[in-house]
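A.B. asks: below is the sequence, then the predicted model.
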Amino acid sequence: QCQWIRPAVVCDTVASMREDSTSLPVGSRYESLFKLAAGGMEEVWVARQRGGGRFQRPVALKRMLPHLREAEGFVAMFLDEGTLAGAISHPNVVATYDVGVDDEGRPYLVMELVVGVSLSQMLRASRGDIPLALGIEILAQACDGLHAAHTARSPAGKALESVHRDVSPQNILIGEDGRVRIGDFGVARALERLTQTTTGEVKGKASYFSPEQARANVALDARSDVFSMGIVAWEVLAGRRLFGGMSPVSALARILSDEPIDDVDTARLTVPEGVADVVATALVKDRDGRFDSAAALGAALRNAARSVGFERPEASEISAFVARGGGDDLLALKERIAVAFEGSPDAVQAPDTEGTAPSIDVDVSTGSVPSTTGPSTTPSATPSTTPSAMSGMAADATPPTTVHEVLAQRRSKVPWVAVAVAVLLSLG
């Protein structure tokens with residue numbers, strides 16, 4: 001099973017990656033090396049970006065499937081995602097390098113390849129027992145990235161007023177470099193987007209909705225994402241799902257009720273009271289009572305940790321935890337990328353299924369990983385995650401919903417790779 005995570009793709013196992021790969025002509029700027037997966041709307045490839053001289057670096061190349069290129073709404077949405085993500089420049093946000101349309105009329109995005117794990121995989125691999133200081137730093141970095149998205153501006157300097165609307169452990173990526181990145185801006189709302197969500201339509205994962213997002217007829221601002229991040233923080237610190245075992249309808253009912261969310265220190269007694277108070281503030285049902293920004297939430301988490309004597313983890317500590325969580329799958333993925341970059345077309349296996357992706361020439365330009373599934377109430381993976389243990393959480397993730405059909409799927413799930421390989425390039 002693979003999870004769709006934008007703007008990067010995370011595969012549950014290396015074995016789940018498609019083997020239909022081939023080396024493409026050298027004369028193009030982006031050379032597809034091997035396909036990670038294809039879903040209902042897009043396919044994602046590990047690709048080589050070429051430049052002047054001997055410049056090259058690995059990137060993730062996402063392309064819309066051919067049967068959708070005539071669908072104007074889908075093309076606009078696809079390009080819209082890249083345009084929004086490309087306007088956000090921050091170390092804690094997955095970078096989008098390029099947006100364009102190839103010779104076949106298929107739009108593509110070129111993104112940072114981040115080698116690592118998603119937060120949901122880390123929760124599973126650690127059996128929900130992430131060290132508190134480490135978990136707080138991961139959350140704080142995610143808040144920094146989210147704040148950068150909220151405050152992003154267009155090249156002309158106009159505030160984009162973006163709201164992510166799909167903050168969840170699946171969309172928080174932890175690189176092998178020890179840096180946390182937030183991705184998946186596919187359902188984000190921004191002032192200048194080409195495609196706009198119709199009033200009354202809800203997008204995102206129901207178990208991470210804010211109350212105002214669940215109501216659907218309320219204009220959202222950054223505080224909606226703060227509530228969603230509060231749910232993520234509760235789950236990281238408690239080591240289990242907040243609404244685990246509930247249907248989307250039941251989760252929405254719980255979010256919309258007047259009953260406050262249980263304090264996280266009642267679920268995990270070792271959570272310091274000050275840290276629990278910060279999470280409780282993020283989860284206030286009335287948005288006027290929450291932190292007014294993701295940056296404020298992140299700062300409050302770090303201050304609360306410092307007040308009880310927690311030392312801020314070094315990047316090397318996060319990196320070591322990622323290596324344990326990714327296990328053999330992460331090593332296998334890194335090896336495959338390294339082999340593909342040895343320079344010989346024969347180094348990449350020939351396809352065993354149909355077709356190859358055409359190279360994308362610079363003239364037509366317009367303009368991250370074993371994976372994930374949300375934290376489980378009963379995690380089954382061990383820090384040395386096996387392929388079978390890494391494939392179970394997709395069923396536990398709450399599907400996207402709309403007011404017309406609460407259980408409707410937003411789209412097919414597609415894998416990706418979170419890859420920041422220092423050996424190949426320092427990205428971001």
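C.D. replies: Now that the structure is in, tell me what you want to look at.

A.B. asks: contacts only, for residue 139.
C.D. replies: 229, 232-233, 236, 298, 301 (C-beta atoms under 8 Å, 6 or more residues apart in numbering). All C-beta spots, glycine's among them, are computed from the backbone N, C-alpha and C.

A.B. asks: same thing but at 6 Å, please
C.D. replies: Contact analysis of residue 139 by C-beta atoms under 6 Å, 6 or more residues apart in numbering lists 233, 236, 301.

A.B. asks: tell me how far it lies from residue 210.
C.D. replies: According to C-beta to C-beta, to the nearest Å, residue 139 stands 17 Å off from residue 210.

A.B. asks: then residue 91?
C.D. replies: From residue 91 to residue 210 the distance is 26 Å (C-beta to C-beta).

A.B. asks: so between those two, which is more surrounded?
C.D. replies: Legend: neighbour count by other C-beta atoms under 10 Å for residue 91 and residue 210, higher for residue 210 (27 against 15).

A.B. asks: look up the closest residue to the more buried one, ignoring the ones flanking it.
C.D. replies: Excluding the flanking residues, the one nearest residue 210 by C-beta to C-beta, 6 or more residues apart in numbering is residue 227, at 3.7 Å.

A.B. asks: may I see the buried residues of stretch 280-292?
C.D. replies: Buried residues in stretch 280-292, counted by 16 or more other C-beta atoms under 10 Å: 280-285, 287, 290-291.

A.B. asks: and those, which is closest to residue 155?
C.D. replies: residue 291 (29.1 Å; C-beta to C-beta).

A.B. asks: contact partners for the nearest residue to that closest one once chain neighbours are set aside?
C.D. replies: Leaving aside its chain neighbours, residue 291 sits nearest to residue 297 (4.4 Å; criterion: C-beta to C-beta, 6+ apart). Residue 297 makes contact with 143, 226, 282, 291 under the criterion C-beta under 6 Å, 6+ apart.

A.B. asks: residue ranges of the helices in this protein, please?
C.D. replies: For the chain, helices defined by DSSP state H occupy the ranges 72-86, 119-125, 132-150, 211-215, 222-238, 248-256, 273-282, 294-307, 315-340.

A.B. asks: for residue 172, find the nearest of those helices.
C.D. replies: Among the helices of the chain, the nearest to residue 172 by C-beta to C-beta is helix 119-125 (4.0 Å).

A.B. asks: give me the mean pLDDT for the closest one.
C.D. replies: Average pLDDT, helix 119-125: 93.

A.B. asks: check which helices and strands it sits against.
C.D. replies: Packed against helix 119-125, as judged by 3 or more C-beta pairs under 6 Å, 6 or more residues apart in numbering; DSSP states H and E, are no other helices or strands.

A.B. asks: can I get that helix as PDB, trimmed to CA atoms?
C.D. replies: The C-alpha trace of helix 119-125 is given here as PDB (Å, rounded to 0.1, in the frame of the first residue of the first chain):
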ATOM      1  CA  LEU A 119       6.000  11.200  10.900                       C
ATOM      2  CA  SER A 120       3.300   8.600  10.600                       C
ATOM      3  CA  GLN A 121       5.900   5.900   9.800                       C
ATOM      4  CA  MET A 122       8.100   7.100  12.600                       C
ATOM      5  CA  LEU A 123       5.200   6.700  15.000                       C
ATOM      6  CA  ARG A 124       4.600   3.200  13.800                       C
ATOM      7  CA  ALA A 125       8.300   2.200  13.800                       C
END
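
A.B. asks: what's the weakest-modelled helix or strand in this structure?
C.D. replies: One helix or strand of the chain scores below all others by mean pLDDT, DSSP states H and E: strand 2-5, with a mean of 33.

A.B. asks: roughly how far apart are the nearest residue to residue 58 once chain neighbours are set aside and residue 49?
C.D. replies: Spatial nearest neighbour of residue 58, excluding adjacent residues (C-beta to C-beta, 6+ apart): residue 113 at 4.7 Å. According to C-beta to C-beta, residue 113 and residue 49 sit 10 Å apart.

A.B. asks: give me the common contacts of the two.
C.D. replies: With C-beta under 6 Å, 6+ apart, residue 113 and residue 49 have common neighbours residue 59.

A.B. asks: about what we covered before: of the contacts of residue 297, closest to residue 175?
C.D. replies: Taking the contacts of residue 297 together and measuring to residue 175 by C-beta to C-beta, the closest member is residue 143, at 16.7 Å.

A.B. asks: right, I'll leave it there.
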